[in-house]
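[1] Pasted the sequence and its predicted model underneath.
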Amino acid sequence: MGCIRAKDNMINPVLLNYFLKSSYAKEFFKSNANTTTNISNLNFKTIGKLKLPVPPIETQNQIVEELNSYQKIIDGCRQVIENYKPSIDIDPSWEMVELRKLPIKNLDSKRKPISKNERVRGDVPYYGSTQIKDYVKDFIFDERLLLIGEDGAKWGPGEKTSFIIEGKSWVNNHIHVLQVDNSKISDVYLSALINMMDLNNYISGAVVPKLTQQSLNNILIPLPNFKIQKNLEEKILDEQVIIDGNKKILDIFSKKITDKINKIWSN
């Protein structure tokens, strides 16, 4: 790590921080870093060659005030997004059903991993244990699916190891692929419920923890009638609209910061 201290009355330290995180600075550092044995290094001599736009200090302070107001909105939205967890009040009278007995088809046999150097770049999401890992040209599936992490995931309550995807996709062998009959059970309810649950008792393997297909099938699911499931689904989707709105606001104000820095840099 290195330490840079802004000189008094020359540049606002907060503005300097925004500058150093900008795309201009990142591109400069990437192009000028010293690389040996696959390790990139930035020394102070190289960093010192980066030319910064330096308006009068009063103008800088005004810019910082504006950018900080955007950042507060971004931080607030990020807090909402990161801390949101759907909640379902489980009625003890609901029947407990093993996942294997639900109207679900397991499609794990169709999964196929592709090593990084063999992937052909495209616009189809390539899913790993918990998220999109890359984008590829071809696809295995073209439908709505429920994915649940098999290994490389976390299975505690609120870990979001389960999620729903739609459209063309390629899925590797680190995540289970389930086709849910949504005319009989709500995949939205099921996904939210699994993310609420502590599944660690179903996990095996000391070196590589894993939710095997057998253990997945043994998970006990509290199952209300379909009408209650759909009501809960509606509630979860309404909340998701709010979360998606926060994501959009976050993107808008992140772009405002980027555009403001780019405008200063180009003047």
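    Received it, and whenever you're ready, just let me know what you need.

[2] which residue ranges form the helices in the stretch 1-150 of the chain?
    Under the criterion DSSP state H, counting those that start in this stretch, the stretch 1-150 of the chain contains helices at 13-20, 23-32, 44-47, 57-83.

[3] which of those helices has the lowest average pLDDT?
    If these are sorted by mean pLDDT, helix 44-47 sits at the bottom with a mean of 84.

[4] buried set for that helix?
    residue 47 (16 or more other CB atoms under 10 Å). Any C-beta I mention is one placed from the backbone N, CA and C, and that applies to glycine too.

[5] again with stretch 120-138
    For stretch 120-138, using 16+ other CB under 10 Å, the buried residues are 124, 125, 126, 127, 128, 129, 130, 133, 134, 136.

[6] In its sheet, which strands sit next to the lowest-mean-pLDDT helix or strand in the chain, and in what direction?
    Within the chain, no helix or strand scores below strand 34-36, which has a mean of 75 by mean pLDDT, DSSP states H and E. Under the criterion DSSP bridges, strand 34-36 sits next to strand 39-41 (antiparallel) in its sheet.

[7] And for the partner strand, what's in contact with it?
    Residues outside strand 39-41 that contact it (CB atoms under 8 Å, 6 or more residues apart in numbering): 30, 33, 34, 35.

[8] Same question for stretch 54-73.
    The contact list for stretch 54-73, computed with CB under 8 Å, 6+ apart, reads 9-12, 14-15, 18, 249-250, 253-254, 256-257, 260-261, 264.

[9] Now do the host helix or strand of residue 194: distance to the chain's middle.
    In this assignment (DSSP states H and E), residue 194 forms part of helix 187-196. With CA atoms, centre = their mean, to the nearest Å as the basis, helix 187-196 stands 17 Å off its chain's centre.
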